[in-house]
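Undergrad: everything below, folded, please.
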Amino acid sequence: MPEITEAPYQALQRLLTGHFRETLGYRALRKQGVDDWLLIHTIEGRGRFGHPKGDLIVGPGDWVLLKPGTAHDYGVEASLERWELLWAHFQPRSDWLDWLNWPAVAPGLLHLHIADDGALAQQFATVHAQLNSPHRRNEALAMHALEAVLLSCDQHNPRAEIRQGDARIQRALDHIDRHLSEKLLIDDIAAAIGLSPSRLAHLFRAETGQTVQSHTETRRMQLATDLLRRTGFPIKQIAAQCGFESQFYFSQRFRRFAGLSPLAFRQARD
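TA: Alright, predicted model coming up:
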């Protein structure tokens with residue numbers, strides 16, 4: 001069997017959405033996963049999600065969450081040969097994590113089936129429509145709509161009462177977002193929330209699917225892309241606001257993240 005090419009993806013935004021109508025042959029493969037969460041809802045047809053124990057077959061009414069760092073292997077289910085889906089890559093706000101504690105089919109692969117979910121599916125379609133609208137606050141409106149979707153899904157989650165998300169990790173996420181312009185060491189974050197660095201590292205990975213360092217850099221790069229798109233600030237100033245003392249090192253990290261230098265990224269958006 002020929003080697004399957006990995007599907008490209010870069011988490012350059014807090015939210016990215018799509019509405020696909022795919023036929024047999026469509027497959028997305030990312031062996032290392034990505035740095036954000038992925039929500040997929042099946043409208044019609046059938047899809048498959050590969051995991052170490054086999055395949056999860058999904059149809060109308062099925063909602064799937066892939067945690068950061070979870071391998072992606074999904075596509076059209078072969079016997080039906082068509083799959084219509086809505087999807088969203090997103091970085092959750094810290095207080096959303098409680099709502100993402102869905103039943104696990106396999107590590108990092110979470111699933112809900114919601115019967116008669118037409119109204120909820122329409123809510124999800126609104127997320128995509130808001131994000132792609134010409135409104136100057138389109139991302140904020142879309143994030144608000146996505147929050148409503150996740151809250152509605154939580155009402156159908158049989159695990160919702162089993163475990164509350166760790167409030168210490170939510171405080172760590174808030175601390176990181178408030179201090180992106182500063183030097184952020186895991187020892188300092190741990191001290192701020194009353195944990196040892198090793199305990200923080202373990203709990204953070206279990207709760208978010210990412211390491212503290214990976215999450216912090218992703219948030220810094222997303223802040224940088226937002227500033228590059230929306231402001232005329234000099235690159236050196238953006239680097240400083242994103243916690244980089246060296247503009248050269250910032251440019252290196254940004255190129256690795258986005259595939260372009262900060263200047264080229266800004267010019268490509270003009």
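
Undergrad: am I right that residue 129 is in a helix?
TA: Yes. Under DSSP: H, G, I helix; E, B strand; the rest coil, residue 129 falls within a helix.

Undergrad: what's stretch 93-108 in contact with?
TA: 33, 37, 49, 51-53, 56, 65-67, 69-71, 92, 110-112, 143, 147, 150-151, 153-154, 157-160, 162-165, 169-171, 173-174, 177, 207-209 (C-beta atoms under 8 Å, 6 or more residues apart in numbering). Placement of C-beta: from N, CA and C, glycine included.

Undergrad: start and end of it, how far apart?
TA: In stretch 93-108, first residue to last residue: 18 Å (C-alpha to C-alpha, to the nearest Å).

Undergrad: report the buried residues of that stretch.
TA: Buried residues in stretch 93-108, counted by 16 or more other C-beta atoms under 10 Å: 93, 94, 96, 97, 98, 99, 100, 101, 102, 105, 106, 108.

Undergrad: contact partners for residue 142?
TA: Counting by C-beta under 8 Å, 6+ apart, residue 142 touches 15, 17, 127, 128, 130, 131.

Undergrad: can you pick the most crowded of those residues?
TA: Within the contacts of residue 142, most neighbours by other C-beta atoms under 10 Å means residue 127, with 24 neighbours.

Undergrad: which strand or helix spans residue 187?
TA: Assigned by DSSP states H and E, residue 187 falls within helix 186-193.

Undergrad: from residue 212, how far off is residue 197?
TA: Residue 197 sits 9 Å away from residue 212, going by C-beta to C-beta, to the nearest Å.

Undergrad: same thing with residue 167?
TA: As judged by C-beta to C-beta, residue 167 and residue 212 stand 17 Å apart.

Undergrad: one more: residue 108?
TA: Distance from residue 108 to residue 212, by C-beta to C-beta: 18 Å.

Undergrad: show me the contacts for the residue lying closest to residue 17 once chain neighbours are set aside.
TA: Excluding its sequence neighbours, the residue lying closest to residue 17 (C-beta to C-beta, 6 or more residues apart in numbering) is residue 128, at 4.2 Å. Going by C-beta under 8 Å, 6+ apart, residue 128 touches 17, 18, 19, 86, 88, 142.

Undergrad: where along this protein do the helices fall?
TA: 118-131, 138-154, 167-178, 186-193, 197-208, 212-230, 235-241, 247-258, 262-269 (DSSP state H).

Undergrad: the inter-axis angle of the first one versus helix 138-154?
TA: Compare the direction of helix 118-131 with that of helix 138-154 by axes from the mean of the first three to the mean of the last three C-alpha atoms, to 10 degrees and you get 160 degrees.

Undergrad: okay, buried residues for helix 118-131 please.
TA: Those buried within helix 118-131 under the rule 16+ other C-beta under 10 Å are 120, 121, 123, 124, 125, 126, 127, 128, 129, 130, 131.

Undergrad: okay, and the beta partners of residue 75?
TA: residue 27, residue 48 (DSSP bridges).
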